[in-house]
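Participant: got a predicted structure plus its sequence, pasted below:
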Amino acid sequence: MKSGKHKNKRRRNVKAQNKNVVNNKALEAEDVKTVPDLSDTDETPEAAVMPADPGSRQDGSRDTLRRNGRIYQAFVYFGKLLRMFVFHNDWKMLPMAAIIAGVVAAVVGPSLFKTMEGTVTGTFALSCVCIWNGFFNSIQSVCRERDIIKREHRSGLHISSYILAHMVYQALLCIAQTAIIISLCRLVGAKLPSRACITLWPVVDFGITIFLTTYAADMMALMVSCLVRSTTTAMTLMPFLLIFQLVFSGSYFDLQGPALKVTDLTISKWSLTAMCCQGEYNELPMVSLWNSLVKLKDVEYAGRKPLQTILSDMEEKGSKEEFLKITGGYNKKSEYEFTMENIMGCWEKLLIYIFIFALAGMVSLEYVDRDKR
């Protein structure tokens, strides 16, 4: 009996051992399936097991960014600028331009393009408005994100695409501001040029001058924003640039010698000159002499007031307007003559400035990687 029990026990043990062997073989087979086959690849086992290097993924993204064309990148950054206009309060530039233009138009509107003196004063004020708007449009647009530009430039950003996006965006902003200025001038009753010289519509000619003035100032501010490294520096420089443009406008202030030659380098001179040409400055009456005589009419000479007698006689005979025209004839300026050559010459100067400022900004920003901040 004992021998039979021992035989049965040995059989059970053998069966259990055989079952364990089969299970071990099955597990080994599954492990073999999970091991990658490296015989047909050049990778080492360590490379197959180790995760991808984050640096390699970054290089891949850089390669992808670099493969994107300049036009594609320009569209991407243009979309970014539009989003900033909506969500970062850049739209505030438009109501600010409306407030400034409305105040100026209300002040200079009554005499604008009606007298020589009023035309010079009014066009000077409008030039100031355009230059002010242009400066504020872009003086901080680049320097406020200089760190981002530096990082993206190292990842494949084309600076030319970035500047092109800004140029298109700023051009649209300047067009909107031009429409605001002209609309407010009409709203307050200010007189606008009545004759067209380049296009078929006088308001279009005048609008082109306002746009080119604003856009040239905008590109100058964009250049400054590319050159400086902080918004504080940019805002510090802006008043000096604005004062330079106003003082050396060439018409409002009486400049002589070398200072007069400096006026050729300003935006304000060509803006003011184009507006005076379009307003037919040389055909307008001059009232400053008449106003001076009116102030002196009570001066007595030999017991009489000769000026008062002369002025009263001219008013009674209706020769006041003729007198104003005659005095205006002595104050004509050849550069203010209503000709296509004069107006186109001013537009060409403004276009040259736009190109120079944009090119200078692009070249300076190409060296953003050298910024050691």
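Facilitator: Yep, that arrived.
Participant: how about residue 264, what does it touch?
Facilitator: Contacts were defined as Cβ atoms under 8 Å, 6 or more residues apart in numbering; by that measure residue 264 touches residue 250. Where you see a C-beta, it was placed from the backbone N, CA and C, and this is true even at glycine.
Participant: switch the cut-off to 10 Å
Facilitator: Residue 264 makes contacts with 248, 250, 270, 349, as judged by Cβ atoms under 10 Å, 6 or more residues apart in numbering.
Participant: which one of those has the most neighbours?
Facilitator: Of all the contacts of residue 264, the most densely surrounded is residue 270 (27 neighbours; neighbours counted as other Cβ atoms under 10 Å).
Participant: tell me how far that residue lies from residue 245.
Facilitator: Applying Cβ to Cβ, to the nearest Å, one obtains 11 Å for the distance of residue 270 from residue 245.
Participant: burial of residue 130, as a residue count?
Facilitator: Other residues lying near residue 130 total 30 when counted by other Cβ under 10 Å.
Participant: which residues does it contact?
Facilitator: Contact criterion Cβ under 10 Å, 6+ apart gives 97, 101, 174, 177-178, 181, 209-218, 267-268, 271, 275 as the residues in contact with residue 130.
Participant: the same query, at a cut-off of 6 Å, please.
Facilitator: For residue 130, the contacting residues are 210, 213, 214, taking Cβ atoms under 6 Å, 6 or more residues apart in numbering as the criterion.
Participant: now that we have those, which one has the most neighbours?
Facilitator: Neighbour counts for these peak at residue 214, which has 32 neighbours (criterion: other Cβ under 10 Å).
Participant: please, which helix or strand holds that one?
Facilitator: When elements are defined using DSSP states H and E, residue 214 is found to belong to helix 202-227.
Participant: ok, the residue nearest to residue 223 when sequence neighbours are not counted - how many residues close by?
Facilitator: For residue 223, the nearest residue in space outside its immediate sequence neighbours is residue 361; the separation is 4.0 Å by Cβ to Cβ, 6 or more residues apart in numbering. Using other Cβ under 10 Å as the criterion, residue 361 is surrounded by 26 other residues.
Participant: do the same with residue 107
Facilitator: Taking other Cβ under 10 Å as the criterion, the count of residues near residue 107 is 15.
Participant: gap between it and residue 274?
Facilitator: Using Cβ to Cβ, one gets 21 Å for the distance from residue 107 to residue 274.
Participant: please apply the same query to residue 134.
Facilitator: As for residue 134, its distance to residue 274 is 15 Å (criterion: Cβ to Cβ).
Participant: residue 251 now?
Facilitator: Relative to residue 274, residue 251 is positioned 12 Å away (criterion: Cβ to Cβ).
Participant: compare those two (neighbour count), which wins?
Facilitator: Comparing residue 251 with residue 274 by neighbour count (other Cβ under 10 Å), the higher total belongs to residue 274, at 28 against 22.
Participant: so that one makes contact with residue 348?
Facilitator: No. Taking contacts as Cβ atoms under 6 Å, residue 274 lies outside contact range of residue 348: 10.4 Å.
Participant: pLDDT at the closest residue to residue 117 other than its chain neighbours, what is it?
Facilitator: Setting aside the residues directly before and after it, residue 117 is nearest to residue 288 in space (Cβ to Cβ, 6+ apart), at 5.4 Å. According to the model's per-residue confidence, residue 288 sits at a pLDDT of 88.
Participant: residue 288 against residue 118, yeah?
Facilitator: No. Using Cβ under 6 Å, residue 288 is not in contact with residue 118; the gap is 10.3 Å.
Participant: more neighbours, the two?
Facilitator: Comparing residue 288 with residue 118 by neighbour count (other Cβ under 10 Å), the higher total belongs to residue 118, at 20 against 14.
Participant: let me know the secondary structure of the more buried one.
Facilitator: helix (DSSP: H, G, I helix; E, B strand; the rest coil).
Participant: and what of the one 10 residues further on?
Facilitator: Each residue gets one of three states, and residue 128 gets helix by three-state DSSP.
Participant: give me the domain ranges for the protein.
Facilitator: Residue ranges for the structural domains of the chain, counted by automatic domain parsing, are given in the record as 66-286+333-370, 287-330.
Participant: what bits of this protein have low per-residue confidence?
Facilitator: Judged against pLDDT under 70, the low-scoring parts of the chain cover residues 1-68, 372-373.
Participant: any chance you could map the helices in the stretch 151-300 of the chain?
Facilitator: Counting by DSSP state H, counting those that start in this stretch, the segments of the stretch 151-300 of the chain that form helices are 159-187, 202-227, 231-247, 258-262, 267-278, 288-295.
Participant: please identify the most buried of the domains of the chain.
Facilitator: Mean neighbour counts were compared across these using mean count of other Cβ atoms under 10 Å; the top stretch is domain 66-286+333-370, at a mean of 19.
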